[in-house]
Structures are given as C-alpha cells and as structure tokens.
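A.B. asks: Fold the following and give me the result.
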Amino acid sequence: MSLKHSILKVQAALGNVRAMEKLHVDTHTEDIIVKVEGTQFATSQLNEIYMDVVELAGYYYVKTIVLGSFHIKTWKGANLLINGNDFELNLVSDMQEIESDFSNVSNRSITQIDFIIEEKDINKIEQSRINKITISSKKKTAYFENIVIQDEEE
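C.D. replies: As a prediction, this is how the structure comes out:
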C-alpha cells in the first residue's frame with residue numbers, strides 16, 4: 001500500500017468526503033464501461049467512440065458513447081464534427097447539461113451524448129465514408145482518426 005493510499009484511508013476515517021469518494025470502488029460505472037452497447041466507430045490513443053443512429057418520434061439522433069480520458073461536466077452542450085470523403089457534418093448535442101461518469105476501477109470515464117441529425121444526413125454516418133471525428137465541449141476536445149471498419153462476416 002502506498003503512502004498516498006494510507007493518507008487517504010486516514011482522511012476518510014476522519015470523515016473527509018473527497019477521500020471517501022477516491023477510495024470508493026465504483027463497480028456500477030465499471031460494469032457500464034465493460035458492457036457498452038453500440039457500434040465501435042473509432043479510436044485514438046486515449047479514447048474510443050461508439051456511435052449509432054436512432055430514431056425517436058420522428059427525430060433522428062446520433063447516440064455517442066466516449067470511453068477513456070475524455071471527461072466533461074458542462075451546461076453548454078457539445079459538438080460532434082464528422083469529416084468525410086466529400087462532406088463535413090457539424091452536429092449539436094440535444095441536451096446542454098452533460099456530465100461524464102468516472103470509474104476508479106479502470107481509471108476511465110464514460111460520456112454519453114446524443115446529437116441531433118437531419119434525416120438527409122443519416123446515410124453519411126458510415127465508417128467507410130468517414131476520415132475523422134472530433135467531439136468537443138467547453139475546453140475539452142477528443143480527436144478520432146482511427147476509424148474501425150467492421151467485417152461484413154461478423
């Protein structure tokens with residue numbers, strides 16, 4: 001056990017809430033991270049992004065899940081920039097309040113954001129047509145250039 005961990009234990013025993021939070025093992029968030037649902041779309045050194053298009057009451061959304069070091073808490077929404085072979089889409093989140101969940105088990109965050117998309121642009125969300133994905137909010141930005149191409153046989 002490290003000295004830092006020992007100090008945290010003493011602080012938690014004395015009622016320090018932040019120390020208690022750091023020592024808490026968050027198995028709920030870790031379970032969500034391990035069992036993430038969706039199509040893995042792209043990766044970077046520190047993050048991976050899952051994206052799927054969903055329809056709800058006639059409106060279309062790009063449902064995204066970012067796993068890794070990308071961690072945000074904002075009331076100003078987020079943007080998703082998709083650069084393709086012959087197009088560029090700049091999508092805006094449907095909610096302004098967004099907060100990542102952190103797992104101290106794997107030392108990663110999970111961030112779920114839905115972006116509004118027009119029906120005419122849905123066919124552009126194909127892995128073979130996309131070169132780069134950027135997700136940004138406030139002062140945080142994650143870049144994805146390693147697009148994951150799924151085999152047809154899977």
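A.B. asks: so where do the strands sit in the protein?
C.D. replies: For the chain, applying DSSP state E gives strands covering 40-43, 47-56, 59-68, 73-74, 79-84, 88-92, 98-99, 101-103, 108-117, 130-137, 140-144, 146-147.
A.B. asks: Please name whichever of the ones you listed is nearest to L14.
C.D. replies: Closest approach to L14 among the strands of the chain is made by strand 101-103 (23.6 Å; Cβ to Cβ). Quick note: C-beta positions are derived from backbone N, CA and C, even for glycine.
A.B. asks: so what does that closest one touch, helix or strand wise?
C.D. replies: On a contact count with 3 or more Cβ pairs under 8 Å, 6 or more residues apart in numbering; DSSP states H and E, strand 101-103 meets helix 27-34, strand 108-117.
A.B. asks: Ranked by average pLDDT, which of those falls at the bottom?
C.D. replies: Here the lowest mean pLDDT among the helices and strands packed on strand 101-103 goes to helix 27-34, at a mean of 52.
A.B. asks: Quickly list what the residue nearest to E119 when sequence neighbours are not counted is bridged to.
C.D. replies: Distances taken as Cβ to Cβ, 6 or more residues apart in numbering put Y60 closest to E119, at 5.6 Å, once the chain neighbours are dropped. Applying DSSP bridges to Y60 yields these beta-bridge partners: E55, I117.
A.B. asks: Next, the contact list for Y60, please.
C.D. replies: Residues in contact with Y60 (Cβ atoms under 8 Å, 6 or more residues apart in numbering) are 53-54, 116-119, 122.
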